[in-house]
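> Got a predicted structure plus its sequence, pasted below:
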Amino acid sequence: MNYSTIKKAVTCSLIAALGFTGAAQAQDAKVFGGRSQYRTWSIGVNGGITSPNVLTGGSNAFGRKVGLFEAPVKEYYGINVRKQFSSWFGLQLDANRGRIFTHNEDGLTESVAWAPQGVPTDGYQSAQTDVQYAVSLNGVFQFATIDFLRRENSVNFYASVGFGLMAFNPVLYTNNDGTGTEWNNKGNWGEDPFNRDFQGDKDYQKTSFIPVGLGVKFKLSDRVALDLGYTMNFTDAKALFGPVVNRTANDKFSYTHAGLEFSLGSKDKQDLNWTNPVATLYDELKDPELRNEVDALKQRVSALESTVQALSTDSDGDGVADKFDKCPNTPAGTQVDGSGCPIKFPEPKAELSTGSYSNIQFEFDSSVLKTSSYPTLDQVSADLRASGATLTLEGNASEEGTEDYNYQLGLDRANSVKNYLVNSGVAASQVNVVSNGELKPVASNATEEGRQLNRNVQFKK
């Protein structure tokens, strides 16, 4: 497989991973609240050694096939920034620099390496390449994030693949220890008669490359993780270690590193990088409050079934079922109101004392009524039906999320309360709904206690 094919495969893989992650996260958001409840940004530093070979084998442009532990090593270091999109996938921007060294005991002859004017032609025995920068965007895939035995992960295995650009300068030496008469790409030796793509000017050479890596991370604390990894870098250059002719394969090198990764964001949120989806699912399903709400809903369904049965009976034929008919046996032809009683001349509607009702509270990013709110709502329903008064429901939200999203969330909460009141017998025309979104907090949004108080519906005249 040539470099162009690898590059296309890597690009398609990253696009597919992003698309699948977006779809999966959209589903997670409905159940678990989405990425907003986690820390998703991190920054890392790393350092290690390079070698002019990779695990997959092959030779480099210096004309040597080397084993994994045979090549000399040089220093390499860098930084990275990552955005985590799910518990198993993230995008990471890496920036590195350092050196790569290789040698050949037999040396390179004039037939495979260009000897500039004034330099001996008996060949070079070593080369050192300075990497000015190597910048790449990588997809990072985490494995074994699902754990059925422990609530939190402390070890994560990962693989990465990406695409990047690097600038490099090779220097050739006549001795295999990096000493002796040198050829330097930045020395302006003039045009290379053997390799016309390699001009030997004063600038760094540039090439694209594909990094493919494996590694493991160890969680040291809530904020810090130890990162150990190995990356194979496949370049689109045949002169990474100098101007070599008759070269058919592109050059490559590896980077073995250790580093520290620091999680960014609010300390009140969990790091998505270490989230165990099984534990999250278990907590959601075993939440006592959720189970109470399910039991209460079952009881309400049974009550509604009995009510529906009763709605089919209208003994006096006035159009109001016996279940709700407050004036049974009304003479035929009498115009009645919604309660089955004869219509009287309109009277001024009474006003409610809304200050006596406590606010209806909601959970984070939810418009589902709590069972603890039912007593208050039942009292409001009774007062509305008895007085015929009107009431305004104002929905509110805390500051998490966008202003537009919180406006809709406040409206959904107000409509949840209205639906409850209407289902209990209150006329829909008696209840109005509005949303304040995040604009009228009752407490500070700087603390979780304050944000909890701001997730409410208030009763207004």
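Received the coordinates, thanks.
> Can you give me the neighbour number for residue 154?
12 (other C-beta atoms under 10 Å). Every C-beta, even on glycine, is put in place using the N, C-alpha and C of the backbone.
> Once you drop chain neighbours, what's closest to it?
Excluding the flanking residues, the one nearest residue 154 by C-beta to C-beta, 6 or more residues apart in numbering is residue 219, at 4.5 Å.
> show me what contacts the one you found?
152-156, 225, 274 (C-beta atoms under 8 Å, 6 or more residues apart in numbering).
> Residue 60 too?
52-53, 66, 102, 240-241, 251-253.
> For the helix or strand containing residue 435, buried residues please.
For residue 435, the host element (DSSP states H and E) is strand 431-437. Neighbour counts over strand 431-437 (16 or more other C-beta atoms under 10 Å) mark 431, 433, 435-437 as buried.
> Output these in a markdown table; the columns should cover pLDDT and distance to residue 341.
As requested, these are arranged in a markdown table below (pLDDT from 0 to 100; distance: C-beta to C-beta, whole Å):
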| residue | pLDDT | distance to residue 341 |
| --- | --- | --- |
| 431 | 94 | 22 |
| 433 | 95 | 28 |
| 435 | 93 | 36 |
| 436 | 93 | 38 |
| 437 | 92 | 41 |
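> of all those, which two lie farthest apart?
Taking C-beta to C-beta, the two most distant members of those are 431 and 437; they sit 19.6 Å apart.
> Can you give me the buried ones in stretch 412-432?
Applying 16+ other C-beta under 10 Å to stretch 412-432 flags 412-418, 420-421, 426, 430-431 as buried.
> Tabulate those in JSON lines, adding columns for distance to residue 268 and secondary structure.
Shown next, in JSON lines, are these (distance: C-beta to C-beta, whole Å; DSSP: H, G, I helix; E, B strand; the rest coil):
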{"residue": "412", "distance to residue 268": "24", "secondary structure": "helix"}
{"residue": "413", "distance to residue 268": "23", "secondary structure": "helix"}
{"residue": "414", "distance to residue 268": "27", "secondary structure": "helix"}
{"residue": "415", "distance to residue 268": "29", "secondary structure": "helix"}
{"residue": "416", "distance to residue 268": "26", "secondary structure": "helix"}
{"residue": "417", "distance to residue 268": "28", "secondary structure": "helix"}
{"residue": "418", "distance to residue 268": "32", "secondary structure": "helix"}
{"residue": "420", "distance to residue 268": "31", "secondary structure": "helix"}
{"residue": "421", "distance to residue 268": "35", "secondary structure": "helix"}
{"residue": "426", "distance to residue 268": "39", "secondary structure": "coil"}
{"residue": "430", "distance to residue 268": "40", "secondary structure": "helix"}
{"residue": "431", "distance to residue 268": "36", "secondary structure": "strand"}
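> okay, who's weakest in the contacts of residue 60 by pLDDT?
When the contacts of residue 60 are compared by pLDDT, residue 66 scores lowest at 61.
> list the contacts for residue 97?
76-78, 131-134.
> Please, which helix or strand holds residue 303?
Going by DSSP H and E, residue 303 is in helix 288-310.
> hmm, back to that, now flag whichever of the buried residues of strand 431-437 is closest to residue 39.
Nearest to residue 39 among the buried residues of strand 431-437, with distances taken as C-beta to C-beta, is residue 437, at 25.0 Å.
> host element of the residue lying closest to the closest one once chain neighbours are set aside?
Leaving out its chain neighbours, the residue that sits closest to residue 437 by C-beta to C-beta, 6+ apart is residue 407, at 3.7 Å. Assigned by DSSP H and E, residue 407 belongs to helix 403-423.
> Residue 432 and residue 365: what is the separation?
Here residue 432 is placed at a distance of 25 Å from residue 365 (C-beta to C-beta, to the nearest Å).
> Give me the residue at the spatial middle of this protein.
In the chain, the residue lying closest to the centroid (C-alpha atoms, centre = their mean) is residue 85, at 2.1 Å.
> how many other residues sit next to residue 220?
12.
> residues in contact with it?
If a contact means C-beta under 8 Å, 6+ apart, then residue 220 has residue 226 as its contacts.
> Next: the one 5 residues further on.
Listed by C-beta under 8 Å, 6+ apart, the contact set of residue 225 reads 217-219, 260-261, 263, 273-274.
> Now that we have those, can you turn them into TSV and tack on secondary structure, pLDDT and distance to residue 303?
Below are these laid out as TSV (DSSP: H, G, I helix; E, B strand; the rest coil; pLDDT from 0 to 100; distance: C-beta to C-beta, whole Å):
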residue	secondary structure	pLDDT	distance to residue 303
217	strand	94	53
218	strand	93	55
219	strand	91	49
260	strand	97	59
261	strand	97	54
263	strand	94	49
273	helix	81	47
274	helix	82	45
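> which of those count as buried?
Buried, going by 16+ other C-beta under 10 Å: 217, 219, 261, 263, 273-274, out of the contacts of residue 225.
> which one of those sits closest to residue 40?
residue 273 (8.1 Å).
> so who does the nearest residue to residue 414 once chain neighbours are set aside touch?
Residue nearest to residue 414 in three dimensions, not counting chain neighbours: residue 395, with 3.5 Å by C-beta to C-beta, 6+ apart. Contact analysis of residue 395 by C-beta under 8 Å, 6+ apart lists 409-415, 433-436, 456-457.
> Since that was my last question, I'll sign off now.
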